[in-house]
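1. sequence first, predicted model second:
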Amino acid sequence: MKLFDNLKLKHKIIVSFLAVIFSTLAVLSVSVDIFFRKATTELADQYTLQGIGQVINNIESHMENAENLIDMVSKDSNILEFISWNSYRRDAVGRATCANLRNVLTNAVENSTDIIGIAVVNSHDFYISNEMYYNSPSPILMDDWYQSCIANRELTISRPKDGRNFQYYYNSSTMDNIISIAKPIYLPNSTVPAGAMLVDIDTSFMQKTLADTSWGKTGFAYILGHDGDVIVSPVNNVVPRIKHTWFNENNSGFQKKINNQVYEFVYADLSMPQWTVVGVFSLESTLKPISDFRIYMGLISLAAALSATIVVSIFSRTIVNPILSLNSLMRKAADRKLDVRFNARYTDEIGELGRSFNIMVEEINNLIEIVKMEQLSKRKAELQVLQEQIKPHFLYNTFDTIHWIAKSYGATEIVDIVRALTTIMRVGLSGGRDCISIQNEFDHAISYLTIQKIRYGEKLSYKISLPSPDECRELTVQKLILQPLIENALYHGIKNRKSNGVLLVKAVVLADKVVFSVTDNGYGIPDERLEQIKQSFENRNHKHTGYGLFNVNERIRISYGQEYGVKIFSKVGYYTKVEVHHPIMPLEKEESERGTD
Amino acid sequence: MERIRKTRLIGGACICIILISLWMVMRPFGFLNPDDGYRYVVGVCQQNLQTDIQLAFKSDVEAAAAQRDDVNVLFYSAGGDLEKQMQQLRTLLEQRVDCIIVSAESPESLEPAMKEVLDGGVSLIVMGTNKSQVACDVLIRTDYFEIGKAAGTYFLQHSSPICFLEIQGNPRVQRIRELQMGFRSIIDDVPNILSPYVIVGYDSYMVTQQRIVQSGMIDAMPPITGVFAHSSEMALAAADIFKTYGEYPRILSVGGKTDGNSIAVGDSLEVVISVPSGGAEAFSFAEELMGGKTVPNEYTLPITLLNVKDSENSSACQEVLQ
């Protein structure tokens, strides 16, 4: 099965189709063969049995005639006279009786076509015959045939035994061609046999009967004695090879192989004598039409197999070739040759598969184009970023120059502003990073406040509360989260105050987060407005809030989740406090090193 | 390697299909099964089946064949008819027997048919005499000349008969002529022995008795003191008829059995020159021929002299003559 599974699809199809065709033909052939063989054999059996019936009727008819003859001769007065003798009469009457009796027997033999000799034996061991003589010193009464006949008191039919004492003077017939009939003879009004008559019958009539009966082309029949002796048979090379024990082993017909041929044996028994007429015919000859049919079937099967092979090859090619073509295209596609296309000429499954392949390759091509475009865009963007970074650096360097010139002129305020601007720009750039240390964030916020302080003067005062220096150095936050909050507090809380405004900028490191807060002592936010601002945060739009707060809130929430972000607390007439909850983000080593640059 | 495996697989499948097809075609005719019938058939063609020696021949063949389940023996007897025996030989040839054993008084007369048998490729075993010259595979000889000599020698050694009666079978056959020649070669040159009387009994009990009476042998002068009968039937007939008339000549017979017990003996029958019927030997040669073994072209049967009166202890009194 594994070998089959590993076969190529084309071979699988061919093998499967051929297996189906051959098995169908085989089943068909065997079924037809069995059916016709059985029918023909049965027909031949019936035909042979009819012939056997004719032979049996013929033999029994001859036997009946012989028995009638014996009965008729037995009633002759000379025979009755002879069998009543106690001693052999050599007188004239005795000689006359013997002469008459011999004439009777001779006439009986001459009038019969089958009988070749008759002997009459009386119970005192005298005999008379037309031609036979007794050639033994032993009494006739001791002969087997006589004893059997007298004991059974009925007609007995047998083959003469070898060296039978009754022999022929002139007839050269051998005992091979003779069957003997013996019947007891009774005196009138007596039930005790007074003698017996022995009649030899030539078996030629049986030969003729067997020869005259039709047994088919190669069939024949023979007669088997009850002791297994062949009584009459045609001359052929089959009968000598037949074992008579087969007839004891089988109740009806049987088949046996002789001389490399199978023969069918059909037989029936005669009632008298107890012989068996056996019909034999060669199955090979009888079943020749079927064997011819088998040859035709074989040729037809061969032709069918050849045609089927061709058809299946063509058929398999229509299936396999597109698949092989598709397979080849897929291999090319796997080798990144995506310009290949399947030429789907038909709308069958393979065509569908091919079209799907084409679509798939097209999609892959498109995706690759998209990815290429994106990569190109990304590279362009990166290039642009790099180019953009040139400007701040240029400005930074310029500010640095201004800082040093202002310092040389002693313009301390300009020095402070330029320094603050420089710090703002440095932190804003941050080497392109999104996260910076708390210290840097506060440096940025303080620089912004320094500039605003110069602008607002005494109207603004602020207070900075930092965590420990280690925490400021080791923890990072999203950059530029304090500056929008301070800017918001300045513009909405401090700017419109008549008296001095105070800002408190603070960072507290808690167990799981860092909380930045910017508190102003401005007018505060009415509750209704505060609620709108909170709703804006929840709905993620900046319709009712400034873009700065919204931006800070969105960045933190997107980056770290909903539990972080901006929270606003306010009391009208007293204060406004904006908190930024930020997770604790330890500075990575590389970041840390960079952060200290 | 994979291709080779597939090729072998497909080749194997094709061979299987061919073998199955062949089996299906052959099966109904039993080509693949051995024969059920007798493997060998031996034909035995005897000139006649009347005398003791002929019957002994047949029964010895039957007894030997009974040891083999695969051999069938077809017996044919021609009733003394030479033409018929030739026809029977041809019939056996037609029956395609494997081996034929021929027993005839004059096998030379059957030579045309025997040649056909040999030309037909059938093994041929012939029972013959010392003088027989026939083409066959095995010629089993019985040296009747020596038997005749033994008979004459016995008479000379055990009695002093001066008047013998020789009872012959058919005088035209070689066997009888050789017996007579052997017998005469011993007694003819002995002085004071009359030329023996000869009658022909045709191996028949009845005929022999009739001929003895009709030819006046009972009352012969000088009286018959020794009888050499060529067969046991004639010896028995002579013993019975002489006894009937109160005569008791010394009677010597040629028998077809190795054991004196098997011969019905009369009081006067004294000695049997026993010759095996040759049936067992012939069948043994037939077996060897059918088995493809090499056999000698000729074989001579041994002759034993048996004292019938001591037949109960025959092994003690037997004397192997040859």
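-> Ah, there it is. Residues are numbered from 1 along each chain as shown, chains lettered A, B, ... in the order given.
2. can we go C-alpha only for contacts and neighbour counts from here?
-> Noted.
3. show me which residues of the stretch 251-400 of chain A are close to chain B?
-> Residues of the stretch 251-400 of chain A lying near chain B by C-alpha under 8 Å from any C-alpha of the partner chain: A:256-262, A:283-284, A:291, A:294.
4. now, those residues that are in helices?
-> Per DSSP state H, helices hold the following members of those: A:283-284, A:291, A:294.
5. next helix or strand past the helix or strand harbouring A:Ala39?
-> Per DSSP states H and E, A:Ala39 falls inside helix A:9-74. Per DSSP H and E, the first helix or strand lying C-terminal to helix A:9-74 is helix A:77-83.
6. residues in contact with that next one?
-> With contact meaning C-alpha atoms under 8 Å, 6 or more residues apart in numbering or on different chains, helix A:77-83 is reached by A:73-74, A:97-98, A:100-101, A:120-123, A:187, A:194-195.
7. switch the cut-off to 6 Å
-> By C-alpha atoms under 6 Å, 6 or more residues apart in numbering or on different chains, the surrounding residues in contact with helix A:77-83 are A:97, A:101, A:122, A:195.
8. and what of stretch B:219-227?
-> Residues contacting stretch B:219-227 (C-alpha under 6 Å, 6+ apart): B:161, B:163-166, B:249-251.
9. if you rank those residues by neighbours, which is first?
-> B:Ile251 (26 neighbours; other C-alpha atoms under 10 Å in any protein chain shown).
10. wasn't it part of a helix?
-> No: with DSSP: H, G, I helix; E, B strand; the rest coil as the criterion, B:Ile251 is strand rather than part of a helix.
11. pLDDT at it, what is it?
-> Note for B:Ile251: predicted pLDDT of 84.
12. how about the one 3 residues further on?
-> According to the per-residue confidence, B:Val254 scores 84 in pLDDT.
13. in terms of secondary structure, what does the helix or strand where it lies contact?
-> If you go by DSSP H and E, B:Val254 is part of strand B:250-255. Applying 3 or more C-alpha pairs under 6 Å, 6 or more residues apart in numbering or on different chains; DSSP states H and E, we find strand B:250-255 packed against strand B:226-229, helix B:232-244, strand B:269-274.
14. return the distance of the second one from the chain's centre.
-> It stands for helix B:232-244. Relative to its chain's centre, helix B:232-244 lies at 23 Å (C-alpha atoms, centre = their mean, to the nearest Å).
15. count the neighbours of residue 37 for me.
-> I'll assume chain A. Using other C-alpha under 10 Å, A:Arg37 has 20 other residues around it.
16. the intended chain is chain B.
-> Per other C-alpha under 10 Å, the neighbour tally for B:Gly37 reads 23.
17. mind checking the SS state of it?
-> Applying three-state DSSP: B:Gly37 is coil.
18. out of the contacts of helix A:77-83, list just those in helices.
-> A:97, A:101.
19. with respect to A:Glu474, which of the contacts of helix A:77-83 is nearest?
-> The nearest member of those to A:Glu474, counting by C-alpha to C-alpha, is A:Gly195 at 152.1 Å.
20. I'd assumed B:Leu93 was in contact with A:Asn237.
-> No: using C-alpha atoms under 6 Å, A:Asn237 makes no contact with B:Leu93, being 9.0 Å away.
21. out of these two, which sits in the busier spot?
-> Neighbour totals were compared for A:Asn237 and B:Leu93, and B:Leu93 leads with 25 against 18 (other C-alpha under 10 Å).
22. could you find the closest non-adjacent residue to the residue of the stretch 151-300 of chain B found nearest chain A?
-> Nearest residue of the stretch 151-300 of chain B to chain A: B:Met206, at 5.3 Å (C-alpha to the nearest C-alpha). Using C-alpha to C-alpha, 6 or more residues apart in numbering or on different chains and skipping the chain neighbours, the partner closest in space to B:Met206 is A:Asn135 (5.3 Å).
23. and that neighbour, what's its pLDDT?
-> 81.
24. B:Leu93 too?
-> Looking at B:Leu93, the pLDDT reads 95.
25. one more: B:Met114?
-> For B:Met114, the pLDDT comes out at 95.
26. right, and the helix or strand after the helix or strand harbouring it?
-> Here B:Met114, judged by DSSP H and E, is contained in helix B:111-119. Next helix or strand after helix B:111-119 toward the C-terminus (DSSP H and E): strand B:123-129.
27. ok, and what's touching that next one?
-> With C-alpha under 6 Å, 6+ apart as the test, strand B:123-129 has contacts from B:99-103, B:136-143.
28. hmm, try it at 7 Å
-> Identification of contacts with strand B:123-129 by C-alpha atoms under 7 Å, 6 or more residues apart in numbering or on different chains yields B:98-104, B:107, B:118, B:136-144, B:175, B:282, B:289.
29. how about the residues of the stretch 101-250 of chain A near chain B?
-> Contact residues (C-alpha under 7 Å from any C-alpha of the partner chain) of the stretch 101-250 of chain A with chain B: A:135-136, A:162-163, A:172-174, A:176, A:235-237, A:240-243.
30. now for these, which pair is the farthest apart?
-> The two members of those with the most space between them (C-alpha to C-alpha) are A:Ser136 and A:Asn237, at 37.8 Å.
31. closest to A:Met373 among the contacts of helix A:77-83?
-> Set against A:Met373, the nearest of the contacts of helix A:77-83 by C-alpha to C-alpha is A:Gly195 (136.4 Å).
32. which ones are touching that closest one?
-> Contacts for A:Gly195 (C-alpha under 7 Å, 6+ apart) come out as A:83, A:121-123, A:184-186.
33. which among the residues of the stretch 101-250 of chain A next to chain B end up buried?
-> Among those, those buried by neighbour count (16 or more other C-alpha atoms under 10 Å in any protein chain shown) are A:135-136, A:162-163, A:173-174, A:176, A:235-237, A:240-243.
34. what's the lowest-pLDDT member of the residues you listed?
-> At the low end of pLDDT for those is A:Ser173, which has 57.
35. tell me the mean pLDDT over stretch B:10-21?
-> 76.
36. nearest residue to the residue in the stretch 201-350 of chain A that chain B sits nearest to other than its sequence neighbours?
-> Nearest to chain B, among the residues of the stretch 201-350 of chain A, is A:Asn237, at 4.1 Å (C-alpha to the nearest C-alpha). Nearest residue to A:Asn237 in three dimensions, chain neighbours excluded: B:Gln95, at 4.1 Å (C-alpha to C-alpha, 6+ apart).
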